[in-house]
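Participant: Return atomic coordinates for the entry below.
(4 chains)
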There are 2 protein chains.
Amino acid sequence: MKALAVLETFPPIAPAIERTLVNAPDARVVHLTTQCCNCSLRELCLPCGVREAAPPRMDEPVFTRRHVNKGGHFYRAGDKLTSVYALRSGFARHNMMLMDGRDQVIGFFMAGDLMGLDGIQTGQHACEATALEDSEVCMIPFARLERMSLGIPAIHQHLQRLMGREITRAHGHLLSLGSMCAEQRLAKFLLHLSRCYAGRGYSATLFNLRMTREDISSYLGLKIETVSRTLSRFQKRGLITVQSKVIEITDFDGLQRVVGDSASGESAPLT
Amino acid sequence: MKALAVLETFPPIAPAIERTLVNAPDARVVHLTTQCCNCSLRELCLPCGVREAAPPRMDEPVFTRRHVNKGGHFYRAGDKLTSVYALRSGFARHNMMLMDGRDQVIGFFMAGDLMGLDGIQTGQHACEATALEDSEVCMIPFARLERMSLGIPAIHQHLQRLMGREITRAHGHLLSLGSMCAEQRLAKFLLHLSRCYAGRGYSATLFNLRMTREDISSYLGLKIETVSRTLSRFQKRGLITVQSKVIEITDFDGLQRVVGDSASGESAPLT
DNA sequence: CGCCAACTTGATGGCTGTCAAGTCAGGTGG
DNA sequence: CCACCTGACTTGACAGCCATCAAGTTGGCG
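Facilitator: Down below sits the predicted model:
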């Protein structure tokens, strides 16, 4: 199979958001980037709760910045919860290790997501977060975050909503795993990714899978061969075009119909 | 199959906790009961954060009390998040409705659990909570809870931990659905129930399933026949004894081995 | 006593897992 | 620039687990 024509002519899609072009299919060259001033977490990152009155240099790092190479860990299971991590750029996997060496992927993080909330119950991380590409995070000391959260209603509410989102996400995922077949799970996954990208200003149609088939299969509770086969089947039906990690959705309604047939239908909120 | 002998001689098990006897197999007569003074949520229910200095009448209801009959709803999907609900007595199911009429069970609530956190992200409940037996809740107005949470560190932290627990729970469940076969899921489920009961002072060995097979099957992402068959198989192997809704675990290690074989092994913290 | 919902059990089929062989893509070194 | 190597992915054949369909059994309740 030859390279998709669209790859050569990848168009300057979309609106006046400069991030738009960043999601080129070749993720090694450029990757997701977010600055404090347009980061969905900026209320958390600012030392005060004021968000209307712009501080002098919002794009200056306020908290410790840390770079993590592809394959590295932001935190691991068993680590004490010292910080939460706002993902500024890159892409990450949220996974639990099993005793037998396998691991279960429970989610993915994109730029703007807050990582580490799984440690809040016990003060110790139950899962780990792994970088799927070179990434950069703002480390937010949890003690400080708590202090801020106590005094500043806006931050309190924001943190609470973020935790709420984590819960909602997990519930939506439980729904997939509990009541959907392979095709439905994968279709829902693709549509979800599309929404996530679109919500960040990227193309909803053409995007790059940043995770391996193995990650996807673990996330969806399937085997890698099933994921591969199902993607091929979608392509044969004209729903999508697959070129290794590059996915183009060519029939949104068709995909949606796959999800809807005999199951679900809840339109999970963005991200 | 005749009634289990143990039913006639159900022994006054366990320690000096008066709740111990309450979990008799016949759930219609007696049911789980918790009072503010021994409720795991008492920090939330108290008007102030003081928990050492005992208030005059801790067992007096501080918030609106509400009774919900078996089959009724505490809240439904789409409802505005006005309150969260501390389950004082009874048993509840946490489920999401699907468009086609089926629904997916995402969890169960026992006395002492806080229900309604699924509405925090959007301010609207995404799921519903259904009473599986006649139940009683403390309704805690969410606005008031937020106010308390802002001013009182203990409550802030407690609420945060409860949300953290919700996340951890969901992750553990994702693990089951994503990487375990039917036997493993069911064994893990039984052991989990056992731990929950034990943690509340009931027998870890002999207990009453308060939900139907259908609830269990939905929760575990299986079909009702599979649950039934698997329970029978466990019984044939001498791991448990089943008498309709009454379960006796006769071989903990055996059950644990079922879970551990080829999977998982994470010892989920008590509820 | 009879009805109905909940549950159990059996027979069968299909989806997905397993095993195996190949293809592709990226990276390295000559 | 090309050969080679390795990991990621695809595809096929087959098997097994679980879903489906169907028929019974049990237990609660009027």
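Participant: Show me the helices in chain A, by range?
Facilitator: If DSSP state H is used as the criterion, the helices of chain A fall at A:5-8, A:42-45, A:142-151, A:153-179, A:182-199, A:213-220, A:224-236, A:252-260.
Participant: Let me have those helices in TSV, adding distance to DNA strand D, mean neighbour count and mean pLDDT as columns.
Facilitator: Just so you know, the C-beta spots here come from the backbone N, C-alpha and C atoms, and that holds for glycine as well. Formatted as TSV, those follow (distance: least, Cβ to the nearest atom of the strand, whole Å; neighbours: other Cβ atoms under 10 Å in any protein chain shown; pLDDT from 0 to 100):
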stretch	distance to DNA strand D	mean neighbour count	mean pLDDT
helix A:5-8	15	11	33
helix A:42-45	33	20	64
helix A:142-151	32	16	88
helix A:153-179	9	21	93
helix A:182-199	11	20	96
helix A:213-220	4	21	97
helix A:224-236	3	16	97
helix A:252-260	16	17	95
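Participant: Please produce a markdown table containing those helices, extended by distance to residue B:83.
Facilitator: Listed next are the helices of chain A as a markdown table, based on distance: least, Cβ to Cβ, whole Å:
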| stretch | distance to residue B:83 |
| --- | --- |
| helix A:5-8 | 51 |
| helix A:42-45 | 26 |
| helix A:142-151 | 22 |
| helix A:153-179 | 15 |
| helix A:182-199 | 31 |
| helix A:213-220 | 34 |
| helix A:224-236 | 42 |
| helix A:252-260 | 33 |
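Participant: Figure out which of these is closest to chain B.
Facilitator: Comparison of these against chain B by Cβ to the nearest Cβ identifies helix A:153-179 as nearest, at 3.3 Å.
Participant: for the helices of chain A, which one sits closest to residue B:211?
Facilitator: Among those, helix A:153-179 comes nearest to residue B:211, with 14.8 Å by Cβ to Cβ.
Participant: Any chance of CSV for the helices of chain A, columns distance to chain B?
Facilitator: Formatted as CSV, the helices of chain A follow (distance: least, Cβ to the nearest Cβ, whole Å):
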stretch, distance to chain B
helix A:5-8, 33
helix A:42-45, 14
helix A:142-151, 6
helix A:153-179, 3
helix A:182-199, 10
helix A:213-220, 7
helix A:224-236, 13
helix A:252-260, 8
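Participant: Out of these, which is closest to residue A:135?
Facilitator: For residue A:135, the closest of these is helix A:213-220, at 15.0 Å, according to Cβ to Cβ.
Participant: for the helices of chain A, which one sits closest to residue A:130?
Facilitator: Nearest of the helices of chain A (Cβ to Cβ): helix A:213-220, 9.3 Å.
Participant: what's residue A:79 in contact with, if anything?
Facilitator: Contact analysis of residue A:79 by Cβ atoms under 8 Å, 6 or more residues apart in numbering or on different chains lists A:119, A:124-125.
Participant: Ramachandran coordinates for it?
Facilitator: Main-chain torsions, residue A:79, degrees, to the nearest 10: phi -60, psi 140.
Participant: those strands in the stretch 1-150 of chain A, which residues are they?
Facilitator: Residue ranges of the strands in the stretch 1-150 of chain A, as given by DSSP state E, counting those that start in this stretch, are A:64-68, A:73-75, A:83-89, A:91-97, A:103-110, A:114-115, A:128-131, A:135-141.
Participant: Relative to DNA strand C, which of these is closest?
Facilitator: Of all those, it is strand A:103-110 that lies closest to DNA strand C, at 12.7 Å by Cβ to the nearest atom of the strand.
Participant: now the angle from that closest one to strand A:135-141?
Facilitator: 90 degrees (axes from the mean of the first three to the mean of the last three Cα atoms, to 10 degrees).
Participant: Could you see whether DNA strand D lies near strand A:103-110?
Facilitator: No. If you take Cβ under 7 Å from any atom of the strand as the test, strand A:103-110 misses DNA strand D, and the best it gets is 12.4 Å.
Participant: near DNA strand C at all, that strand?
Facilitator: No. Using Cβ under 7 Å from any atom of the strand, strand A:103-110 stays clear of DNA strand C, coming no nearer than 12.7 Å.
Participant: Quick one: distance of that strand to the chain centre.
Facilitator: Centroid displacement of strand A:103-110 relative to its chain, using Cα atoms, centre = their mean, to the nearest Å, is 8 Å.
Participant: Distance check, the residue lying closest to residue A:231 once chain neighbours are set aside against DNA strand D.
Facilitator: Leaving aside its chain neighbours, residue A:231 sits nearest to residue A:242 (5.1 Å; criterion: Cβ to Cβ, 6 or more residues apart in numbering or on different chains). Residue A:242 sits 5 Å away from DNA strand D, going by Cβ to the nearest atom of the strand, to the nearest Å.
Participant: Likewise for residue A:240?
Facilitator: For residue A:240, the distance to DNA strand D - Cβ to the nearest atom of the strand - is 11 Å.
Participant: That residue contacts residue A:234, doesn't it?
Facilitator: Yes. Residue A:240 is within contact range of residue A:234, at 4.8 Å (criterion: Cβ atoms under 8 Å).
Participant: Name the residues contacting each of the two.
Facilitator: residue A:255.
Participant: give the contact list for residue A:161.
Facilitator: Neighbouring residues of residue A:161 by Cβ under 8 Å, 6+ apart: B:120-121.
Participant: go again using 10 Å as the cut-off
Facilitator: Contacts here follow Cβ atoms under 10 Å, 6 or more residues apart in numbering or on different chains; on that basis residue A:161 touches A:168, B:120-123.
Participant: quick one on the thing from earlier: looking at the helices of chain A, which is closest to residue B:80?
Facilitator: Among these, the nearest to residue B:80 by Cβ to Cβ is helix A:153-179 (14.4 Å).
Participant: quick one: the closest one to helix B:142-151, angle?
Facilitator: Here the directions of helix A:153-179 and helix B:142-151 differ by 120 degrees (the same axes, to 10 degrees).
Participant: Tell me if helix A:153-179 is near DNA strand C.
Facilitator: No. Judged by Cβ under 7 Å from any atom of the strand, helix A:153-179 stays clear of DNA strand C, getting no closer than 10.5 Å.
Participant: That helix: how far from the chain's middle?
Facilitator: With Cα atoms, centre = their mean, you get 13 Å for helix A:153-179.
Participant: nearest to residue B:255, of the contacts of residue A:161?
Facilitator: Closest to residue B:255, out of all of the contacts of residue A:161 and judged by Cβ to Cβ, is residue A:168, at 32.1 Å.
Participant: Starting from DNA strand C, give me the distance back to that closest one.
Facilitator: Separation of residue A:168 from DNA strand C (Cβ to the nearest atom of the strand) stands at 24 Å.
Participant: pretty sure that residue contacts residue B:121?
Facilitator: Yes. The pair residue A:168 / residue B:121 is scored as a contact, 4.8 Å apart, by Cβ atoms under 10 Å.
Participant: hmm, back to that, quick check: beta-bridge partners of the residue nearest to residue A:231?
Facilitator: Under DSSP bridges, the beta-bridge partners of residue A:242 are residue A:247.
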